[in-house]
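**Q** what's the 3D shape of this:
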Amino acid sequence: MVDAVSEWIPPENADARLTRLWRRRWPDCPPVAHLLRDTYRDVWVRFHSLPGSRRYPRNKAEYAVVLHRYNTVLDTLFAGDDVLLITPVWTDSADVPSAPGRHHWFTSVTDDPDPQFRVYQHVLVTRRPWRTGCADPLLREVADFTRAGVMVTDTRMRRIHHPYDGGADVLLATPEERDRLRDRHADWLSARQDGL
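**A** Numbers count the residues shown, from 1 in each chain. This next block holds a predicted model:
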């Protein structure tokens, strides 16, 4: 989809305002959630969703733990603010999927000469006031690995929460802010040296 090594050149169809915001805050990385942690390690921390770093919830009680951890961090980052929910949708068509309430940011496509194997990534954005639980259906899809590449950010894109199946990568405005959040939820960190 997007080559992390080269500079991100937004497609012609990209929303210029969102692209400017992204480039102002995250200039060294395209808006691809899983690439951010390696590019911005100085402001990155990863939290695991379940005790023992287990990846997938198995029952109602474990889903409650996963959503509690996601929402606790999201509340710390965004309480009282509007957020942008950034959700990629992958299809085999260049047509942007109908998505009421979601704004199209950009579409990228795999560079495959055979149209049969082309995959289109349509990146959609929803703006909403943050409140605990407002993204729970989306977060549950992420926890079940039926949705990927999601990012939640403030409207100036200063902080990013990237939930994935098993936890969340969080990027903060400064290393000091990252350290405070990391220390507050030390029990949710990986035991690995690299933090993954």
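
**Q** need the helix or strand of this structure with the lowest average pLDDT.
**A** When each helix and strand of the chain is scored by mean pLDDT, DSSP states H and E, strand 103-109 comes last, with a mean of 90.

**Q** parallel or antiparallel, which strands does whichever helix or strand comes after it pair with?
**A** Beyond strand 103-109 on the C-terminal side, the first helix or strand identified by DSSP states H and E is strand 120-129. Strand pairing for strand 120-129, using DSSP bridges, gives strand 82-91 (antiparallel), strand 103-109 (antiparallel).

**Q** run through who's touching the longest one.
**A** Contacts to strand 82-91, defined as C-beta atoms under 8 Å, 6 or more residues apart in numbering, come from residues 31, 33, 97, 99, 102, 105, 119-130, 135, 138, 147-155, 157. Heads up, the C-betas are built off the backbone N, CA and C, glycines and all.

**Q** if we use 6 Å, what do you get?
**A** 97, 119-127, 129-130, 149-153, 155 (C-beta atoms under 6 Å, 6 or more residues apart in numbering).

**Q** what's the offset of stretch 175-187 from the middle of its chain?
**A** Relative to the centre of its chain, stretch 175-187 is centred 19 Å away, using C-alpha atoms, centre = their mean, to the nearest Å.

**Q** tabulate the strands paired with strand 120-129 (a markdown table), appending mean neighbour count.
**A** Shown next, in a markdown table, are the strands paired with strand 120-129 (neighbours: other C-beta atoms under 10 Å):
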| stretch | mean neighbour count |
| --- | --- |
| strand 82-91 | 18 |
| strand 103-109 | 19 |
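
**Q** so how far is residue 32 from the residue nearest the centre of the chain?
**A** In the chain, the residue lying closest to the centroid (C-alpha atoms, centre = their mean) is residue 151, at 2.2 Å. Distance of residue 151 to residue 32, computed by C-beta to C-beta, to the nearest Å: 9 Å.

**Q** so what's residue 196 up against?
**A** Counting by C-beta under 6 Å, 6+ apart, residue 196 touches residue 190.

**Q** now swap in residue 147 and tell me
**A** Applying C-beta under 6 Å, 6+ apart, we find residue 147 in contact with residue 141.

**Q** let's see that with 8 Å instead.
**A** 87, 138, 141.

**Q** just those now: which is nearest residue 72?
**A** Nearest to residue 72 among the contacts of residue 147, counting by C-beta to C-beta, is residue 138 at 16.4 Å.

**Q** now stretch 181-192: mean pLDDT?
**A** Mean pLDDT, stretch 181-192: 90.

**Q** for it, the distance to its chain's centre please.
**A** Chain-centre distance of stretch 181-192: 19 Å, with C-alpha atoms, centre = their mean.

**Q** same check on stretch 166-176?
**A** Remark: stretch 166-176 is offset 11 Å from the chain centroid, using C-alpha atoms, centre = their mean.

**Q** quick one: end-to-end distance for it.
**A** From its first residue to its last, stretch 166-176 covers 25 Å (C-alpha to C-alpha, to the nearest Å).

**Q** that's all I had, so thanks and see you.
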